[in-house]
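Enquirer: based on what follows, work out the 3D shape:
(one chain, ligands or ions: 1)
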Amino acid sequence: MVKRYIDRYERFLYSCSMAIIDGKAVAQELQNEFKQEISQMSGRPPCLAVILVGDSGPSRIYVNRKTKACEEVGIHSIKRHLKASVSEDELLKEIEHFNVNPQVDGILVQLPLPDHINTSRVMRWVNPEKDVDGFHPVNVGKMLIGETDGFFPCTPLGVKTLIEHTGIELPGKQVVIVGRSNIVGKPLAAMLLQRGQGIDATVTVAHRFSANLGEITRQADVLVVAIGVPHHISADMIKEGAVVIDVGINRIEDLARKSGARLVGDVDFEKAQDKCAFITPVPGGVGPMTIAMLLKNTLKSYHQR
Ligand code: NAP
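Expert: A predicted model of the protein is given here:
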């Protein structure tokens, strides 16, 4: 009797944990593979140059996480910290220095940049062959026409990897992406639309002007949300058995915590999780994958030179 209860409890726990995609564990698994690969390489290690402009707290944290992850897998990183008042020309000069340095495989300019700097000009200045963030128009164009020798932007690439991880077969499935930014929604739509093994999805992109959002999201076998609005997607907007990937990172007030705040996604995780076949938590879902994909792109660039 007791054994039967324990068996049932274990099955219950197993089925619960099945539904939550542990992005941190998937990212760690990938990083272990990169580390193994790099440890067997001869010659110089791969190298990533990271440029941080100004003193924004979150940007500093992201840059530190990225350089720490590089260190952990054996990628050499160079960090340039420029003052918020740096001129656009000085910043471009700094990028140029890395563009022509044969020892540097990847260049990342941490966004956002101060208002006096033209971000799209800066993105275009990065050598597309070292653009491991995948934001240069050359890489965006390659992605759109289905060429694979360019760089795919890290967050959508991380989302695609997590979707693959669930084992869902995308051909014939409806994917709905809520959010159409240049760094998440649009590139992800382009990636999942491509012809090719395991892709071939039918993709719908929704945004602020989409009418009846719930009707659209309820069609989704795979729902990806990247809007930056806490808990905007409620359980009743999700199809039973869907795969849900929550890209949103929102800081909300939580007076029960020492910090007075906590991070939540764009999906109401607590209420939605029972309905989903798979769902990513926030934090610990897409975030760690973004960094793993940056390492992946840096390695790719290293191998291509
Ligand atoms: P963004 O540039 O602000 O774009 C937000 C998109 O969401 C826009 O297309 C906007 O529509 C749409 N949107 C906003 N409110 C909406 C609503 N009520 N209904 C439907 N669509 C709505 O944001 P982003 O850079 O893509 O980031 C989105 C979220 O993902 C943020 O929380 C960000 O912090 C997070 N993020 C996480 C990672 C990660 O590594 N985990 C990486 C990048 C971003 P319009 O175009 O019509 O304005």
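Enquirer: enumerate the residues of the stretch 201-305 of the chain near the ligand.
Expert: 206-209, 213, 226-229, 232, 247-250, 286-287, 290 (Cβ under 6 Å from any ligand atom). For the C-beta atoms, the positions are set from N, CA and C on the backbone; glycine is no exception.
Enquirer: show me what contacts the nearest residue to Asp55 once chain neighbours are set aside?
Expert: Distance criterion Cβ to Cβ, 6 or more residues apart in numbering; nearest residue to Asp55, sequence neighbours excluded, is Ala84 at 6.4 Å. The contact partners of Ala84, by Cβ atoms under 8 Å, 6 or more residues apart in numbering, come to Val53, Gly54, Asp55, Pro114.
Enquirer: in JSON lines, list these along with secondary structure and pLDDT.
Expert: Converted to JSON lines, those look like this (DSSP: H, G, I helix; E, B strand; the rest coil; pLDDT from 0 to 100):
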{"residue": "Val53", "secondary structure": "strand", "pLDDT": "98"}
{"residue": "Gly54", "secondary structure": "coil", "pLDDT": "97"}
{"residue": "Asp55", "secondary structure": "coil", "pLDDT": "94"}
{"residue": "Pro114", "secondary structure": "coil", "pLDDT": "98"}
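Enquirer: give the contact list for the spatially closest residue to Gly241 that is not a sequence neighbour.
Expert: Distances taken as Cβ to Cβ, 6+ apart place Ala277 nearest to Gly241, at 4.9 Å, with adjacent residues excluded. By Cβ under 8 Å, 6+ apart, the contact list for Ala277 reads Ala19, Thr166, Ile168, Gly241, Ala242, Val243.
Enquirer: which of the residues you listed has the most neighbours?
Expert: Val243 (26 neighbours; other Cβ atoms under 10 Å).
Enquirer: model confidence score at that one, please.
Expert: Looking at Val243, its pLDDT reads 98.
Enquirer: my guess is it contacts Val222, does it?
Expert: Yes - Val243 is within contact range of Val222, at 4.6 Å (criterion: Cβ atoms under 8 Å).
Enquirer: joint contacts of those two?
Expert: The contact lists of Val243 and Val222 share Ile163, Ile168, where a contact means Cβ under 8 Å, 6+ apart.
Enquirer: number of nearby residues for the nearest residue to His207 once chain neighbours are set aside?
Expert: Nearest residue to His207, sequence neighbours excluded (Cβ to Cβ, 6+ apart): Arg180, at 4.7 Å. Arg180 is flanked by 18 other residues according to other Cβ under 10 Å.
Enquirer: keep only those of the contacts of Ala277 that are in strands.
Expert: Judged by DSSP state E, the contacts of Ala277 include Val243 as members of strands.
Enquirer: for the record, mean pLDDT for whichever strand or helix holds Lys35?
Expert: Using DSSP states H and E, Lys35 sits in helix 23-39. Helix 23-39 comes out with an average pLDDT of 98.
Enquirer: what does stretch 75-90 give?
Expert: In this model, stretch 75-90 has a mean pLDDT of 98.
Enquirer: residue boundaries of the helices in the stretch 151-300 of the chain?
Expert: Along the stretch 151-300 of the chain, the segments classed as helices by DSSP state H, counting those that start in this stretch run 154-166, 185-193, 213-217, 269-272, 286-304.
Enquirer: among those, which is nearest Ser59?
Expert: Proximity to Ser59 (Cβ to Cβ) singles out helix 286-304 among those, at 14.0 Å.
Enquirer: give the buried residues for the closest one.
Expert: Using 16 or more other Cβ atoms under 10 Å as the test for burial, helix 286-304 gives 286-302.
Enquirer: what's it packed up against?
Expert: helix 23-39, strand 47-53, helix 57-73, strand 106-109, helix 154-166 (3 or more Cβ pairs under 8 Å, 6 or more residues apart in numbering; DSSP states H and E).
Enquirer: export that helix as CSV, just CAs?
Expert: Provided in CSV are the C-alpha atoms of helix 286-304 (Å, rounded to 0.1, in the frame of the first residue of the first chain):
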residue,chain,number,x,y,z
VAL,A,286,15.4,31.3,-22.1
GLY,A,287,17.9,33.6,-20.3
PRO,A,288,20.7,31.1,-19.8
MET,A,289,20.2,29.9,-23.4
THR,A,290,21.0,33.3,-24.7
ILE,A,291,24.4,33.2,-23.2
ALA,A,292,25.0,29.6,-24.4
MET,A,293,24.2,30.6,-27.9
LEU,A,294,26.7,33.5,-27.7
LEU,A,295,29.4,31.0,-26.9
LYS,A,296,28.1,28.8,-29.7
ASN,A,297,28.4,31.6,-32.2
THR,A,298,31.8,32.6,-31.0
LEU,A,299,33.0,29.0,-31.5
LYS,A,300,31.4,29.0,-35.0
SER,A,301,33.2,32.1,-35.9
TYR,A,302,36.5,30.6,-34.7
HIS,A,303,36.0,27.6,-36.9
GLN,A,304,35.1,29.7,-39.9
